[in-house]
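> Build me a structure from this.
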Amino acid sequence: MQKEVIATNRAPAAVGPYSQAIAVGHLVYTAGQVALDKNTGKLVEGGIQEQTKQALENLQAVLEAAGSSVQNVVKTTVFLHSIGDYAAMNEVYAQYFSGSSPARSAVEVAALPLGALVEIEAVALRAE
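Numbers count the residues shown, from 1 in each chain. Predicted coordinates:
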C-alpha cells in the first residue's frame with residue numbers, strides 16, 4: 001500500500017513540514033486542526049466553543065478532501081489548553097459526532113500552536 005498526501009484549500013494550509021492528512025488504503029489520518037480561519041490565517045475570535053467549531057470545520061474539510069467525512073471517523077484525539085474547557089468543548093463536539101460517536105481521547109496540554117485553546121485530530125474510514 002502507498003500513502004497518499006491529502007491537501008485542500010478548504011482548510012488552512014499546514015503551518016510546518018507536515019500534511020493536512022495522509023490516506024493509506026481505507027484509512028485517513030489527519031493532522032491536528034486548530035481554529036485557524038483559512039482566509040486570514042489567524043485564530044478565530046472567541047472562546048473554546050468558537051475555536052472548537054472552527055477546528056471541527058477545518059477537520060471536516062480535510063476529511064472530505066480525502067473522500068471521507070465526520071460520519072466515518074473512528075477515533076479522535078482532542079488536545080485542550082485547559083481541561084476546564086472540556087464541558088464547553090463537548091457541547092460543540094457533540095453537534096458534529098452524533099449517533100455512533102467515535103472513540104476519543106481528550107488531554108490537557110501545556111500549550112498548543114499559535115496559542116490555540118483546542119486542537120483535534122482524527123482517524124477515519126475512507127468511503128469506498
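
> tell me the contacts of the closest residue to Gln2 other than its chain neighbours?
In space, and not counting its chain neighbours, Gln2 is closest to Val24: 7.6 Å by CB to CB, 6 or more residues apart in numbering. C-beta: built from backbone N, CA, C; applies to glycine. Applying CB atoms under 8 Å, 6 or more residues apart in numbering to Val24 gives the contacts Met1, Gln2, Lys3, Glu4.

> try 10 Å this time
Met1, Gln2, Lys3, Glu4, Arg126 (CB atoms under 10 Å, 6 or more residues apart in numbering).

> neighbour-wise, which of those leads?
Using other CB atoms under 10 Å as the neighbour criterion, Arg126 leads these with 17 neighbours.

> Who are the contact partners of that residue?
Residues near Arg126 by CB under 10 Å, 6+ apart: 4, 23-28, 63, 66-69, 72.

> next structured bit after the top helix by length along the chain?
When the chain is parsed with DSSP state H, its longest helix is helix 48-65. With elements assigned by DSSP states H and E, the helix or strand that comes after helix 48-65 is strand 73-80.

> now that following strand against helix 48-65, angle please.
Angle, strand 73-80 to helix 48-65, by axes from the mean of the first three to the mean of the last three CA atoms, to 10 degrees: 150 degrees.
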